[in-house]
Every structure is written in C-alpha cells, then in structure tokens.
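In: sharing a model that was predicted from the sequence below.
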Amino acid sequence: MNVPLWVWAATILGMVAVLVIDLAIVDHPWSKKKGPQEFGIRQAAWWAVFYVGLAIVFGLGLMYFGGSTAGAEYFAGFITEKSLSVDNLFVFYLLMGAFAVPKKYQHEVLLIGIVIALVMRGFFIVLGAQVINAWSEVFYLFGLFLIYTGYKIVRDHLKGDEEQQDFTQNPAVRLVKRFWPVTDDYHGAHMTVKLDGRRHVTPMLLVIVAIGVVDLVFAVDSIPAIFGLTQDAYIVFTANAFALLGLRQLYFLLAGLMDKLAYISWGLSAIMVFIGAKMILHALHENGVHAPEIGIGASLTVIIGIMTITIVGSLVKSRADERRRQAVSVGAEGDDARERT
C-alpha cells in the first residue's frame, strides 16, 4: 500500500495529540486535588473502550481507503499485538510490585513506557522492513524465532520463571545504581533529587529504566510476529501503535484479573507458533517450493478463534476454582461447628 508522507505525518501527530489529551484529562489539572490521582477502574474501563473503538474506526477507514486486504491485515495485526500486550501487562504488574510504585504514579510510569515502546517498535519496524526487502530468506529466521518464542512462553509459564524473576536487578538497573546513589523512597514523580549537596536518582527512574528494557524485549518478539501477517510498514506501525495506546488503561482494568487469565500464555504461544509456521510456508513459496499459503482471512479467523477459546477457557477455569474454594471453605466451617458441639 503506497502511503504518502503527509499521511504518515498526520497519523503520528494524531497519536501524539491523543496521548497529550489523555494525560491532561487523567491528571485533572483543573481539579481541586493537586498532583496525580489514583486511576479508577471505571475511568480505566471508559478509556479502554474509547481506545478500542478508536482502533476499530481507524481499521474501518483503512479498509475503505486501502481495500479489504489492507483492512484485514490491520485487524489481524492489531488483535495479535493487543493479545501480546496482555502478556506485557502481566510483566508490568510484577514490575510495579517489585519497585513498590505508588498507585497514583503508576499511570505516569506506564505512559513513559508506552512512549519508549512506540519509539523502539518504530525503529524495529524500519529495520525489519529494510531487512525483508534486502533478504527475503529472513522469513525462515523470523518463523523459527516465533516458534521458539511460542515454546519459551509455555515453558516459562509452567516453570513460573516470570513470577520468580527479580526485575529490580536487571543489568540496566544495576548500571544506573553503579554510577548514582539511589534514594530509599519516592520523591513524588521526580526521577532525580538533590540531597546533602549530591544528586541522587529515585526509584521512579529505576522503574522507568526497567520498563524500557522490558519494552525492548517485547519489541523483539512482537515485530516479527506482525511481519508474518503483513509486510506493509504503515499497517505494521499503526497496528502496533493502536495496540499500545490503550495499554495503561487496560493495565488498571485487568490488574485485578491477572490471576484469572490462566490460559493466556497457552493462547499467545499458539498464535506465535501459527504465525511462525505461516512465515516459513511463505518463505518456501517465495523460493519456488510448492507450499500452501495461509491467506490473511484465514489468519484473522485463527487468531480470533485462539484468543476467544483462551479467554473463555480461562474464565470457566476461574469460576470452577472459585466454586471449589467456596466448597472447601463451607466444608471447613462445618467441621469447626461439629468440633465445637
């Protein structure tokens, strides 16, 4: 799809404007309560709906002006990146707890993380497009990498590696601590403060550095995934951007539901393996081997189907676990009553 430069510029400026307006409204500069406020569930729900609606409207517009194939590629990419962002949220959730970030500052940390993620993914999109144009065989590497990533997601989930990981001790954080003293407590939203005549960094800077590292890791995973669905740089960028724009609202909305998404890792793993296989088949086809091609319509159907099964299965398991806990609790109370009598 041939996208003029002015459309690129308008798209990026529009996204920046949405982020600025979002931050201004969330911070309530006109409110009597000065300083950042805690992000409420109801507020997060409305913003999450707004961002999903915005992404859908953009996709419909893309389908109208760019054709049904472009629209289908965008929606497949958006759903894939949104699904992967749920895994990001789980890591962000653990990271916020590891650094004990006060709730009223969490949305600012997430906003900075989203900006870092957008910049990093923009860089990887440009790099990926150049590599694909120069060397089509890279699809073999991308495909194998995604299949391995799918395996690693399930392996780490079964081993509980994410829960056991110490996010406060990654190499980037240790490097900052090596050169600057760190305060024990947060000083508002300040990243540095001057104490006793010496400049100190605060935990706020450390958590932002840690989020930047996490964003880099997830960018390496997600960009090959969406290039397996479309090679159009504009669609790749916009699908990533719209998946990220509502990420912090989704964080507050799902923060209390993280433990209920029991099968999310299995669903993400299945999507990564599917896209990896699709990329390898595409590479074989491009190199003259008689191999079936998986169309974008079939890809979109498979991705939606996997995520639907994953979410429904997780909710069913969560309710069954809750009923079992209640039954055990009632049984224990009955035993205590019989012992007292």
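Out: Happy to help now that I have it. Numbering: from 1, shown residues only.
In: so in this structure, which helix runs the longest?
Out: helix 296-340 (DSSP state H).
In: report all helices and strands that it contacts.
Out: helix 68-98, helix 264-286 (3 or more C-beta pairs under 8 Å, 6 or more residues apart in numbering; DSSP states H and E). In short, each C-beta sits where N, CA and C put it, glycine included.
In: redo those as JSON lines? Include mean neighbour count.
Out: Shown next, in JSON lines, are the helices and strands packed on helix 296-340 (neighbours: other C-beta atoms under 10 Å):
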{"stretch": "helix 68-98", "mean neighbour count": "22"}
{"stretch": "helix 264-286", "mean neighbour count": "21"}
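In: okay, those in a markdown table with distance to residue 309 and mean pLDDT next?
Out: Below are those laid out as a markdown table (distance: least, C-beta to C-beta, whole Å; pLDDT from 0 to 100):
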| stretch | distance to residue 309 | mean pLDDT |
| --- | --- | --- |
| helix 68-98 | 12 | 83 |
| helix 264-286 | 7 | 84 |
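In: turn those helices into JSON lines, including distance to residue 217.
Out: JSON lines is the format used below for the helices and strands packed on helix 296-340 (distance: least, C-beta to C-beta, whole Å):
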{"stretch": "helix 68-98", "distance to residue 217": "9"}
{"stretch": "helix 264-286", "distance to residue 217": "14"}
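In: of those, which is nearest residue 297?
Out: helix 68-98 (6.0 Å; C-beta to C-beta).
In: sticking with residue 52, tell me its helix or strand.
Out: Using DSSP states H and E, residue 52 maps to helix 41-66.
In: shaky segments in the stretch 51-200 of the chain?
Out: 136, 160-169 (pLDDT under 70).
In: what angle do the helix or strand hosting residue 116 and helix 68-98 make?
Out: Residue 116 belongs to helix 103-134 when assigned by DSSP H and E. Inter-element angle recorded for helix 103-134 and helix 68-98: 140 degrees (by axes from the mean of the first three to the mean of the last three C-alpha atoms, to 10 degrees).
In: and the helices and strands packed on helix 296-340: which comes nearest residue 20?
Out: Among the helices and strands packed on helix 296-340, the nearest to residue 20 by C-beta to C-beta is helix 68-98 (21.1 Å).
In: packing partners of that closest one?
Out: If contacts are counted by 3+ C-beta pairs under 8 Å, 6+ apart, helix 68-98 sits against helix 41-66, helix 103-134, helix 161-164, helix 203-227, helix 233-245, helix 247-254, helix 264-286, helix 296-340.
In: mind listing what's buried along the second one?
Out: Read it as helix 103-134. Residues 105-114, 116-118, 120-122, 124-125, 128-129, 132 are the ones in helix 103-134 that count as buried (16 or more other C-beta atoms under 10 Å).
In: picking that back up, could you identify the helix or strand that succeeds the helix holding residue 116?
Out: helix 138-159.
In: in that following helix, which residues are buried?
Out: Buried, per 16+ other C-beta under 10 Å, within helix 138-159: 138-139, 142-143, 145-147, 149-150, 153-154, 156-157.
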